[in-house]
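**Student:** need a 3D model of the following:
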Amino acid sequence: MYLAIDIGGTNIKYANVTSDYKITKHWTVSSIPPKNCSFLDYLIQNIKYDENLQGIGLSIPGIISSDGKVLSHSSSTLHELYEKNICYDLYKRYHVPTAALNDGDAAGIFECWNGYGSKYPLCVCILIGTGIGGCICSHKNVVRGNFNAAGEFHRIPYYDTEKTKWRCIGDFCRIKSLIQKYHSLSGIELSPMEIWDLYLQNESHAKQAVDTWLFHLTQLLIMITAFCSPDILCIGGGISDNTVFISKLSACFTETAAVHFPDYKKLPEVVSCSAKSTSNLLGAIVYLRQKTIRQQDILCGNSDQ
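**Tutor:** Numbering: from 1, shown residues only. A predicted model of the protein is given here:
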C-alpha cells in the first residue's frame, strides 16, 4: 500500500493507493494547521494507512527540485514549505521511499501514462485551484524545462486593464477569482459550488461572474494552444469533477479557437483529467514508483548512465 499526499493552498488530500492505482481510502483536511503547530507536524498528524506502507508520494504546488525541495513560493498558506524538503523528514520517520513533485507534473504523469493523454503524442494538463498548475507531456515524458519550471502557466504575464498593471493570468483563472468577481457584483461571498448553482439558475450576478471566469480560462487555453499545439487539454482540480463546467469551457474554447486557428485541421480536445480531482494523488505514486525503480537500477548497476 502506498500513501499519496496532495498539498494544496486550501486543502491537503490524502489517499491509500494500491499498486494498480486504486484508491482504497481518502480523506481531506484544511491546509491551515492549528495555532502553535508546525505544518510538518500537522501533515504527519493526519497520516494514516491500512497496510504495510511501501512508499509516500507527494504532490506540491510550485517549483520542486528533483530531490523534492520546494524552490518557489506558492500560496501564503504554504509559506513554511519554501526551501524545505518534506521528503527527508518523512523518510526519517517512516523509512520508506519518498518522493515529491509539482502538482501539475503529478497530474500530467498520470495522464500521459494511465489516462487520456496516453493516446496522444502531446498532452497538456491544466489544474484549476488556489492557483493554476500545469504540465506539458511529450511522448510520455514531462517537459520540465529550466529549474523544473515548465508548465507554470499561472505566471504567464497578463495586463490588468482595470488596475493598469501587469499581473499573472493565473490570478484571473483561479477559483478565488470567481469568488471575488461574484462578491464584487453582489456584495455576497459564496462558495464556487453555490455560485455555479446560481449560474445554472440564470441568476444575473452569477452568470456575469462565471462568464467572465470562463472568458479568462479560454484565453489561457488559447495561449497554451499557440505555444504548444497539443493534441489534448486535460483539466484537473476539484472543478474538473463538474461535467457541465467542462462542457461549457470546451464550447467556449472551441468557438474562440476556430477564429484564432482557422488553418488547424483539428483543434485540441478539452476534457477533464481521467482521474479528475484525484489525478495529483495517483500521479504522485506513479512518479514515486518510477523514481524508486531508477534508483534500484543504479544501485544494481543496470543504469545506462
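**Student:** contacts for stretch 164-181?
**Tutor:** By Cβ atoms under 8 Å, 6 or more residues apart in numbering, the surrounding residues in contact with stretch 164-181 are 128-132, 153-160, 189-192, 195, 208-210, 212-213, 216-217, 219-220, 223, 237-239. Backbone N, C-alpha and C define where each C-beta goes, glycine included.
**Student:** how about low-confidence regions in the protein?
**Tutor:** Flagging of the chain using pLDDT under 70 yields the residue ranges 293-305.
**Student:** any idea which helix or strand comes after the longest helix anywhere in it?
**Tutor:** Scanning the chain for the longest helix, with DSSP state H as the assignment, gives helix 204-228. Per DSSP states H and E, the first helix or strand lying C-terminal to helix 204-228 is strand 232-236.
**Student:** ranges for the helices of the stretch 101-250 of the chain?
**Tutor:** Taking DSSP state H, counting those that start in this stretch as the test, the helices found in the stretch 101-250 of the chain are 103-114, 170-173, 175-186, 192-200, 204-228, 243-260.
**Student:** looking at these, spot the one closest to T278.
**Tutor:** Closest approach to T278 among those (Cβ to Cβ): helix 103-114, 8.8 Å.
**Student:** helices and strands around the closest one, which ones?
**Tutor:** Applying 3 or more Cβ pairs under 8 Å, 6 or more residues apart in numbering; DSSP states H and E, we find helix 103-114 packed against strand 2-7, strand 55-60, strand 122-128, strand 132-138, strand 141-142, strand 232-236, helix 279-299.
**Student:** then that helix to CSV, C-alphas only?
**Tutor:** The C-alpha coordinates for helix 103-114 follow below in CSV (Å, rounded to 0.1, in the frame of the first residue of the first chain):
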residue,chain,number,x,y,z
ASP,A,103,1.2,19.1,-8.6
GLY,A,104,0.8,19.9,-12.3
ASP,A,105,3.5,17.4,-13.2
ALA,A,106,1.8,14.8,-11.0
ALA,A,107,-1.4,15.1,-12.9
GLY,A,108,0.4,15.1,-16.2
ILE,A,109,2.4,12.0,-15.4
PHE,A,110,-0.7,10.1,-14.5
GLU,A,111,-2.5,11.3,-17.7
CYS,A,112,0.4,10.5,-20.1
TRP,A,113,0.9,7.0,-18.6
ASN,A,114,-2.5,5.9,-17.5
